[in-house]
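A.B. asks: have a look at this prediction, sequence included:
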Amino acid sequence: MRTTAAAARSGRTGRPDFAYGNTRLRARRPDLLDAAAYEAMIDRDLDGLLGALSTTPYAADLDQAVTRYHGARRVHEAVRRHLGRTLEEMRSFYSGRARLLVDILLSRWDLQNTLVVIRAESVRTKPDDALAHVVPLGAFSDAVAREVARQHELSGAIQLLVRWQLPDPETAAALRSALAVYERVGDLAELEQRVTASWTARTSAELLRLGRDAAALLSHVQRDIDERNVTVALRLRTDDELDEGLASHFLPGGVIAAASLEAAVRGMENGAVAGALTRLRPEWERALKRWAASGDLVQLQYDLDVVRVEAATKHFAFGDPLGIGIPVAYTVAKETEARNIRLIAEGTARGLDRDRVRSRLLLPGSRR
């Protein structure tokens, strides 16, 4: 992700021009899969699912996948390629200050891909298997991801990323610092937390500096951070050996302060905790009430995901037609589409109950 200073040096000043790119994205909106398309996929076997996808915008990506892989991997590969390709195409629709904001939006995939290759290296995953979980986007082409995954140990993979300054100089610096800690304590989760916290702090701060033009993206990023922090806090409520450094478990940059998150961890009664969090995030009221009654964190995560997806995709209908909200809506819609197709493919391959698969699909506007 380029810094604000770098953007200023390149002349990216003034009101961002989203007109051309947003028009292109709106034209692609009808191609997004809807509930009826998913329903048709659920009722098919794996070959039928492949046939259904061949009539959608996934066809070109599917053609490449079916010649190289077998089983559900064919679907996963097509989805991986399609998501990377379509989001890079979206990026190409913009220039100047609008492009800067879209780059920040997509920089989360640089972070995600970084964490994927690090996890794969930590368990000595074969390069081709590691590649299956990388979306070819931004700094991580398949060639880059494969070379990182070919390193013989975790430290070698991180050192290569640092040497190449990938996915960007700031994250590379965070990786170098986190590796030094990891080599002392051997805690992969802490390494990931440090790298992710570096990204969330920098991203939220940069979006705040960019002001009104970045407001819709800032709201999206902050909701994502808050969602992650709250689910971590509520999970920590079941930990019988809480340490004093609770703040280190949370990511910076969200709306909900660390003190409120710590109070949620230590609160005695679920209903009171849910009420306190609802006052900070009113849109979570229904999800938090359900959690307070059941204590089901898996259901809570699903319910919060639904809220996040609905908030993002509403920009298509209600957001600024000339703002960053349209790329946010399109990106989240494509990510959600990829998630749903993967879920259906896994359910089909493993013979899972179709109603169970159906209940896990993320379908904005159809809350259960």
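C.D. replies: Arrived safely.
A.B. asks: C-alpha only now, for contacts and for neighbours.
C.D. replies: OK.
A.B. asks: who are the contact partners of Gly347?
C.D. replies: Applying Cα atoms under 8 Å, 6 or more residues apart in numbering to Gly347 gives the contacts Asp353, Arg354, Val357.
A.B. asks: hmm, try it at 7 Å
C.D. replies: Listed by Cα atoms under 7 Å, 6 or more residues apart in numbering, the contact partners of Gly347 are Val357.
A.B. asks: could we number from 848 for the rest of this?
C.D. replies: Right, with 848 as the first residue, what we last looked at is Gly1194.
A.B. asks: Val964 touches Glu994, doesn't it?
C.D. replies: No. Val964 is not in contact with Glu994 according to Cα atoms under 7 Å; the separation is 10.1 Å.
A.B. asks: residues in contact with Ala906?
C.D. replies: Per Cα under 7 Å, 6+ apart, neighbours of Ala906: Leu900.
A.B. asks: mean confidence for the helix or strand hosting Glu1030?
C.D. replies: Using DSSP states H and E, Glu1030 maps to helix 1016-1032. On average, the pLDDT along helix 1016-1032 is 97.
A.B. asks: just the CA coordinates of it, formatted as CSV?
C.D. replies: Below are the C-alpha coordinates for helix 1016-1032, written out as CSV (Å, rounded to 0.1, in the frame of the first residue of the first chain):
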residue,chain,number,x,y,z
PRO,A,1016,7.9,-1.8,2.5
GLU,A,1017,5.8,-1.1,5.7
THR,A,1018,4.6,-4.7,5.9
ALA,A,1019,8.1,-6.0,5.2
ALA,A,1020,9.4,-4.0,8.1
ALA,A,1021,6.6,-5.4,10.3
LEU,A,1022,7.5,-8.9,9.2
ARG,A,1023,11.2,-8.4,10.0
SER,A,1024,10.3,-7.1,13.5
ALA,A,1025,7.8,-9.9,14.1
LEU,A,1026,10.2,-12.6,13.0
ALA,A,1027,12.7,-11.4,15.6
VAL,A,1028,10.1,-11.9,18.3
TYR,A,1029,9.0,-15.3,16.8
GLU,A,1030,12.5,-16.6,16.9
ARG,A,1031,12.5,-15.9,20.7
VAL,A,1032,9.1,-17.2,21.6
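A.B. asks: count the neighbours of Gly1142 for me.
C.D. replies: By the measure other Cα atoms under 10 Å, the count of residues near Gly1142 is 15.
A.B. asks: could you report the pLDDT at it?
C.D. replies: For Gly1142, the pLDDT comes out at 96.
A.B. asks: same question, Thr1125
C.D. replies: pLDDT, Thr1125: 98.
A.B. asks: Glu1132 is in contact with that one, correct?
C.D. replies: Yes. If you go by Cα under 7 Å, Thr1125 and Glu1132 touch, sitting 5.3 Å apart.
A.B. asks: next up, the contacts around the closest residue to Pro974 other than its chain neighbours.
C.D. replies: Spatial nearest neighbour of Pro974, chain neighbours left out: Ala996 (5.1 Å); criterion: Cα to Cα, 6 or more residues apart in numbering. Contact partners of Ala996, counting by Cα under 7 Å, 6+ apart, are Val964, Glu968, Pro974, Ala977, Ala1004.
A.B. asks: nearest to Gln1040, of those?
C.D. replies: Nearest to Gln1040 out of these is Val964 (Cα to Cα; 15.0 Å).
A.B. asks: quick one: Gly1100 from Asp1087, how far?
C.D. replies: To Asp1087, Gly1100 is 28 Å away according to Cα to Cα, to the nearest Å.
A.B. asks: who has more neighbours out of these two?
C.D. replies: The neighbour count for Gly1100 versus Asp1087, taken as other Cα under 10 Å, is higher for Gly1100 (24 against 7).
A.B. asks: a helix runs through that one, doesn't it?
C.D. replies: No. Read with DSSP: H, G, I helix; E, B strand; the rest coil, Gly1100 is coil and lies in no helix.
A.B. asks: related to what we said a few turns ago, out of Val964 and Glu994, which sits in the busier spot?
C.D. replies: Ranked by neighbour count (other Cα under 10 Å), Val964 and Glu994 place Val964 first, with 25 against 12.
A.B. asks: just how off-centre is the helix holding Glu1030 within its chain?
C.D. replies: Centre-to-centre, helix 1016-1032 and its host chain are 22 Å apart (Cα atoms, centre = their mean, to the nearest Å).
A.B. asks: who touches it?
C.D. replies: Helix 1016-1032 has contacts (Cα under 7 Å, 6+ apart) with Ile1005, Leu1008, Val1009, Gln1012, Leu1013, Leu1035, Leu1038, Arg1041, Val1042, Ser1045, Trp1046.
A.B. asks: give me the buried positions along that helix.
C.D. replies: Residues of helix 1016-1032 classed as buried by neighbour count (16 or more other Cα atoms under 10 Å): Pro1016, Glu1017, Thr1018, Ala1019, Ala1020, Ala1021, Leu1022, Arg1023, Ala1025, Leu1026, Val1028, Tyr1029.
A.B. asks: JSON lines for those residues, including distance to Thr1195?
C.D. replies: Formatted as JSON lines, the buried residues of helix 1016-1032 follow (distance: Cα to Cα, whole Å):
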{"residue": "Pro1016", "distance to Thr1195": "42"}
{"residue": "Glu1017", "distance to Thr1195": "41"}
{"residue": "Thr1018", "distance to Thr1195": "38"}
{"residue": "Ala1019", "distance to Thr1195": "39"}
{"residue": "Ala1020", "distance to Thr1195": "42"}
{"residue": "Ala1021", "distance to Thr1195": "40"}
{"residue": "Leu1022", "distance to Thr1195": "38"}
{"residue": "Arg1023", "distance to Thr1195": "41"}
{"residue": "Ala1025", "distance to Thr1195": "39"}
{"residue": "Leu1026", "distance to Thr1195": "40"}
{"residue": "Val1028", "distance to Thr1195": "42"}
{"residue": "Tyr1029", "distance to Thr1195": "39"}
